[in-house]
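Peer 1: I would like to see how this sequence folds:
(chains A, B, C and D)
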4 protein chains.
Amino acid sequence: MSAEPSLPAPSSAPRFGVWLIGARGSVATTAIAGCAAVVAGLHPPTGMVTETPPFTSCGLPALSSLVFGGHDTVDCPLPKRAEHLAAGGVLPHGLPSAVHAELVAADREIRPGGPVPDDTGRSQDAWAEVFAADIRDFVHRQGLAGAVVVNVASTEPAPAAGTLPPSSLYAAAALRAGCPYVNFTPSTGLHHPALTSLAESSGLPYAGRDGKTGQTLLRSVLGPMFLQRALAVRAWSGTNLLGGGDGAALADPAAAAAKNAGKERVLTDTLGHTPEGEVHIDDVPALGDWKTAWDHIAFDGFLGSRMVLQTIWQGCDSALAAPLVLDLARLVARAHEKGLSGPLGELGFYFKDPVGDGPSSLAEQYAELRRFAGRLRDDVDERGAQR
Amino acid sequence: MSAEPSLPAPSSAPRFGVWLIGARGSVATTAIAGCAAVVAGLHPPTGMVTETPPFTSCGLPALSSLVFGGHDTVDCPLPKRAEHLAAGGVLPHGLPSAVHAELVAADREIRPGGPVPDDTGRSQDAWAEVFAADIRDFVHRQGLAGAVVVNVASTEPAPAAGTLPPSSLYAAAALRAGCPYVNFTPSTGLHHPALTSLAESSGLPYAGRDGKTGQTLLRSVLGPMFLQRALAVRAWSGTNLLGGGDGAALADPAAAAAKNAGKERVLTDTLGHTPEGEVHIDDVPALGDWKTAWDHIAFDGFLGSRMVLQTIWQGCDSALAAPLVLDLARLVARAHEKGLSGPLGELGFYFKDPVGDGPSSLAEQYAELRRFAGRLRDDVDERGAQR
Amino acid sequence: MSAEPSLPAPSSAPRFGVWLIGARGSVATTAIAGCAAVVAGLHPPTGMVTETPPFTSCGLPALSSLVFGGHDTVDCPLPKRAEHLAAGGVLPHGLPSAVHAELVAADREIRPGGPVPDDTGRSQDAWAEVFAADIRDFVHRQGLAGAVVVNVASTEPAPAAGTLPPSSLYAAAALRAGCPYVNFTPSTGLHHPALTSLAESSGLPYAGRDGKTGQTLLRSVLGPMFLQRALAVRAWSGTNLLGGGDGAALADPAAAAAKNAGKERVLTDTLGHTPEGEVHIDDVPALGDWKTAWDHIAFDGFLGSRMVLQTIWQGCDSALAAPLVLDLARLVARAHEKGLSGPLGELGFYFKDPVGDGPSSLAEQYAELRRFAGRLRDDVDERGAQR
Amino acid sequence: MSAEPSLPAPSSAPRFGVWLIGARGSVATTAIAGCAAVVAGLHPPTGMVTETPPFTSCGLPALSSLVFGGHDTVDCPLPKRAEHLAAGGVLPHGLPSAVHAELVAADREIRPGGPVPDDTGRSQDAWAEVFAADIRDFVHRQGLAGAVVVNVASTEPAPAAGTLPPSSLYAAAALRAGCPYVNFTPSTGLHHPALTSLAESSGLPYAGRDGKTGQTLLRSVLGPMFLQRALAVRAWSGTNLLGGGDGAALADPAAAAAKNAGKERVLTDTLGHTPEGEVHIDDVPALGDWKTAWDHIAFDGFLGSRMVLQTIWQGCDSALAAPLVLDLARLVARAHEKGLSGPLGELGFYFKDPVGDGPSSLAEQYAELRRFAGRLRDDVDERGAQR
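Peer 2: As a prediction, this is how the structure comes out:
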């Protein structure tokens, strides 16, 4: 790779920006390094739905056309962060050096985030304006055909009444800069009454909330199974162990509340009622970026017989999230290009707590995603009619 | 219940026969006792898909209209068998006495099965004819509007070349008696070249093979999840522990072969390739009718990260199967009434190894089952057109 | 049984009282019914260590010599409670009627407990005196050679400063009545500074705290394994699901605190350090008296390789506890008879948080228990010397 | 490391040989690389019991005094093998280069193994003599104070009657060369009638068979728990998934037979009876050197209540085995030095199927190992008496 970096898209081809909030975190670093690795042919695009048919023929921006930048409050440069991730087994050994040039290029486009707790001199509006200017500047300097803002920062605590939390300041900045917005976390983002009218008047598409990467993904296929088979779920209990930044953030009950609400919503929506049971998220630093989710489902069968299903999911959080982030950036950039606006409920496949009123079972969400892909084709107009 | 047995359907309403091969086995006993219990309002119809919308409005025979009979090679009367099942926790305590009258009535309609290994005096054709006569006699004496033959006998070993195994003799008998046939087991049944032309010329609907009640049910929802998320399944391994008659039958590698083929088919069909891994079925008498299935799925995520999902399913085999047997009897009886014939691929929702060319993901099978229900409505003709 | 109730011990043989705090709870009911069932030969004494060699030859009171009574704040009579437990699968069907006479007899010896929250008219000392009088009366009327008081009541919340919680009032009553005391729960009991001098001056033996019946039992054998194999445990996380009264009581964080302290103590003592990880206790009413404990142990092997052990324990809480309660009553009654006094650290085998300074690995605790049994023999004097 | 290789022991200190059968396999490579890494201070000696008290004070050879060599039938040099293991996550990244010098040194001492299936020109006795000569030459050239032969080769199929399998030829060679022998595999080794008298007359100590590294290790602590608690184990079932060379070797039923016999022996010995249940070993190449063992234990509690314990062990086979191989080499070398001879039953802690008549519970085996360590001290003579 260092000798032959991934070929840039030909100068005539449009390039698209992916502006990541939390751009030096594990998910962002994995997305940036992974995109470069796939472009260079070092790895297959495992986990990227947009690289499977029929998504490959609906006009999405090529992976090689993506340009990365973003905001972050930490300083550790991307190449160094990537080395840490490789040492922890999150990135393959050797990948950080193979895509060093791309990591350096993205790191150059990362601007300071905020506000940090002791920032007091600047108003909330001023922060949003600074962020919007950073994004506009990125799009302009890089000559991009457009950019999508994706929040992949650590989950923030629930905001105090009357304040916009940081995630909402970034969301406002995205809209002010004319960019679609995707919230991959359970943080507030655009889900704030103060942003409703801005979102509506912006004419921009947006999507969210909280990427579905493990326990909730499973629940969105197992819940429908119990419903379709008329089996009566009595209790659904779960424990998550994870040790990365997200483990620490979610050990804060205030931060966990939003996440757990999303998890519960999936059960209630797919089962038609809310079963007994709790969900725990434990910070276990020894696990690093690897997470384990245990679910215990007590259900009744015929004549009241008591049965149990248990699932244990062991995965790498960043490796699960990163390809979905790339998917979403491409899909939303293309939706913007096609003139779609407002909440993209058709992307419920990706989220625990989707915007809009889509179905909650993964199978139906996948069918909807495929229909959405159809609407993105060149030969279909923005109202969905075949040209 | 003993004072007031479930009300028979009013004399004007048609009654339908359910003729069970293996009529004194756990599944049959649970289906017969459970049907009576639901009719009497003692238990909700948990696990019966046909008691959920939209299946409740498509003209299926009422549960109270079902009349049970069948063949079996064992003598233990149904009421006694039910007591054994209650002692083992398969049936609720008190149920055998509450539905004693119905068990006695069904037991009276059970005829000797065969051929047993040392039967030599009668030709295969003669056996099929005896069985067919038993079924015709049942329909005639009971004045039934029709009857469905359902195989719920223990899995038989693969047959010697040139012979029809017992399950095929029963299947032939069903067709000769003018009855639709459902194979809930992995045994041969109608899947025999010698029966192909009979099946075609009979004009009867049939369905099968091998009820999907646990591990394979899970696989049919988890397989599509991996495919839709573009995650690369590398190995899918499984072990089943069960102790009832099925445990002993399937500990015979010859009998297990057909069952495992069905399990593998689900993976191959839903994943698009056959992953590494084996499936074991262990006879563990201490578990009785309770089965435990452990699955271990090794898959690759983004950039080759190694992840694992494990599932543990603990259920009561008969309680899982019995409501599906009742579902199938009703659906197929109705299909027959509506003039449908040939392989009912739309019932793939229920089977490991379905007849026909239907989808293999449970969600799509469920959608197809709902469409099938639409075709069964009174206001729809046999070609599927709205009247 | 109803025809031939278990033979009472011959009139010349001494009889021993077992006075249960929480005498109408699941554990007490199971212990009383189970003792009668074993005496009557209806069930083997599975789970009773005192019915295995060498404990059968150390002079313990015969099961048939035990007489039950106790305190409780609820009214539901034991025979009815036993029916509920049988309906929930905790007791075998048919057992409540088989041992009805013994349940009625024990129920007659249950006295009202307290103080309940709105009791204000009586001082703490007066309560203890009432309880002590109840116990003395039981011993006297029944002509018992002695009695052991065992706390099997639901875990109580941590007491307010300066007050004696109910469990301590009962413990004080036991000592005032001249009876040894066993605390099978994590409640305070004798572990209160106000009772220290009474315990010392009483000359009575006592034991506790918090019976080791599932997750902690496992931890006390797995912890030593890791230590002996020099494997580095980094995180030990656990979740308990249970739905009986204990589930509800322990869902209160204040009540859970003492229990979790006991669980952690086992890890710290057997591993030599306290690993990362939390323990959750969830109230899942759908599970009834059945509990599931999942443990996830992340450990390092040679050269820092990351490994994981997971355990899933599914058991019936009362069935696990009851035989240990009978064991303890017999062992402590005999210890009293032999003139032993003070904390019986040799019974650490039974407890999460044992009194005294014994070993924490189950194997060593078992060895110590066997040595203790040796001291109880008739041919050994109270100082442990062979006569 | 490459700049400063681990310091050789001072020339005056004795050095000890570790002659590995299967010297280029995963276990051997991990042992050799790991020994060098620990000596160099790159890793703590996790998993090595001999580096914990009281084993550190009983005169064992220092790790830095160990010199490696061995036989193997494959050619891949150790440094390359170590690179493969690092790529598969078995060795830490960077370790192969850090200990390159030591790997090269050991590789230089590896001699061709045999006989391979098509070797016909040499008699069995001639093979044993060639091997013995290789070992003698190693000891002589390196000026070693002694050497221990350890079999860590892939499990061999059960031998044809009348032939000595390869593992027995190596075992005979060890004794002829005057070296103690350790069989870390389930292969025959010294367990052959043709070698009995040689073993007895040799005056050499030996140990084995089949290292206890996962499922059986767990069984040796869980079995005693059930016994001590008087819980009735009814069925103990298990499945092992592993993908390294051992996975392929043990997928051969003939090779698996010996291993499974060892696993069963532990259950029978610790429980006092053989419960129902089977053990499967599946070859799953996708798992590489990582193995997963699932155990399902059905047991009865008080009054026949049915309970279940399940365990899932996920570990790296080589990382589990290698530190035990180093332990055994040191312990047996020291035992030889102290003049001990014959079967070392006191090393049962390490084996599934130990020589001699020792206890089968891990706790008792550990106690015995500590006593054995006491006998190895300088101030204790060969008959175990304090000097």
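Peer 1: from here on, just use CA atoms for contacts and neighbour counts.
Peer 2: OK.
Peer 1: what does the stretch 51-200 of chain A put close to chain D?
Peer 2: residue A:93 (C-alpha under 8 Å from any C-alpha of the partner chain).
Peer 1: again, only using 10 Å
Peer 2: Residues of the stretch 51-200 of chain A lying close to chain D by C-alpha under 10 Å from any C-alpha of the partner chain are A:86, A:87, A:89, A:92, A:93.
Peer 1: among those residues, which ones are in helices?
Peer 2: Counting by DSSP state H, those place A:86, A:87 in helices.
Peer 1: show me where pLDDT drops low in chain A?
Peer 2: Applying pLDDT under 70 to chain A picks out residues A:1-12, A:116-120, A:382, A:384, A:387.
Peer 1: 90 instead, please
Peer 2: Chain A contains residues with pLDDT under 90 at A:1-13, A:54, A:88, A:114-124, A:157-163, A:214, A:243-265, A:356-357, A:378-387.
Peer 1: quick one, strands of it?
Peer 2: A:16-21, A:66-72, A:110-112, A:146-151, A:181-183, A:205-208, A:232-242, A:279-283, A:290-300, A:306-316, A:342-343 (DSSP state E).
Peer 1: need the residues of the stretch 51-200 of chain A next to chain D in JSON lines with neighbour count and distance to residue C:111, can you?
Peer 2: Supplementary listing: those in JSON lines, determined by neighbours: other C-alpha atoms under 10 Å in any protein chain shown; distance: C-alpha to C-alpha, whole Å:
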{"residue": "A:86", "neighbour count": "18", "distance to residue C:111": "67"}
{"residue": "A:87", "neighbour count": "14", "distance to residue C:111": "65"}
{"residue": "A:89", "neighbour count": "18", "distance to residue C:111": "63"}
{"residue": "A:92", "neighbour count": "18", "distance to residue C:111": "69"}
{"residue": "A:93", "neighbour count": "20", "distance to residue C:111": "70"}
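Peer 1: which pair in the residues of the stretch 51-200 of chain A next to chain D has the greatest spatial separation?
Peer 2: Using C-alpha to C-alpha, the pair of those lying farthest apart is A:87 and A:92, separated by 8.7 Å.
Peer 1: closest to residue C:70 out of the strands of chain A?
Peer 2: Among the strands of chain A, strand A:306-316 comes nearest to residue C:70, with 33.6 Å by C-alpha to C-alpha.
Peer 1: so is the closest one next to chain C?
Peer 2: Yes - Strand A:306-316 reaches chain C (C-alpha under 10 Å from any C-alpha) through A:306, A:310, A:312.
Peer 1: just checking: what are the partner strands of that strand?
Peer 2: Strand pairing for strand A:306-316, using DSSP bridges, gives strand A:290-300 (antiparallel), strand B:306-316 (antiparallel).
Peer 1: thinking again about what came up before, and the residues of strand A:306-316 next to chain C, which is closest to chain D?
Peer 2: residue A:312 (10.5 Å; C-alpha to the nearest C-alpha).
Peer 1: returning to that earlier point: ranking the residues of strand A:306-316 next to chain C by neighbours, who comes first?
Peer 2: Most neighbours among those, by other C-alpha atoms under 10 Å in any protein chain shown: residue A:312, with 22 neighbours.
Peer 1: which residues touch that one?
Peer 2: A:214-215, A:238-240, A:292-296, B:296, B:308-312, C:310 (C-alpha atoms under 10 Å, 6 or more residues apart in numbering or on different chains).
Peer 1: quick check: bridge partners of the nearest residue to it once chain neighbours are set aside?
Peer 2: Once flanking residues are discounted, residue A:312 sits nearest to residue A:294: 4.6 Å by C-alpha to C-alpha, 6 or more residues apart in numbering or on different chains. Listed by DSSP bridges, the beta-bridge partners for residue A:294 are residue A:239, residue A:312.
Peer 1: what segments of the stretch 201-350 of chain A are helices?
Peer 2: A:215-228, A:245-251, A:253-271, A:317-337 (DSSP state H, counting those that start in this stretch).
Peer 1: is the third one anywhere near chain B?
Peer 2: No - residues of helix A:253-271 are not located near chain B by C-alpha under 10 Å from any C-alpha, the shortest gap being 12.6 Å.
Peer 1: same check, this time on the last one
Peer 2: Yes - applying C-alpha under 10 Å from any C-alpha, one finds that helix A:317-337 is in contact with chain B at A:318, A:319, A:320, A:321, A:322, A:323, A:324.
Peer 1: circling back: pull up the overlap in contacts between residue A:87 and residue A:92.
Peer 2: Common contact partners of residue A:87 and residue A:92 (C-alpha under 10 Å, 6+ apart): none.
Peer 1: ok, the nearest residue to residue A:91 once chain neighbours are set aside to chain B distance?
Peer 2: Using C-alpha to C-alpha, 6+ apart and skipping residues adjacent in sequence, the residue nearest residue A:91 is residue A:85, 5.6 Å away. Applying C-alpha to the nearest C-alpha, to the nearest Å, the value for residue A:85 to chain B is 12 Å.
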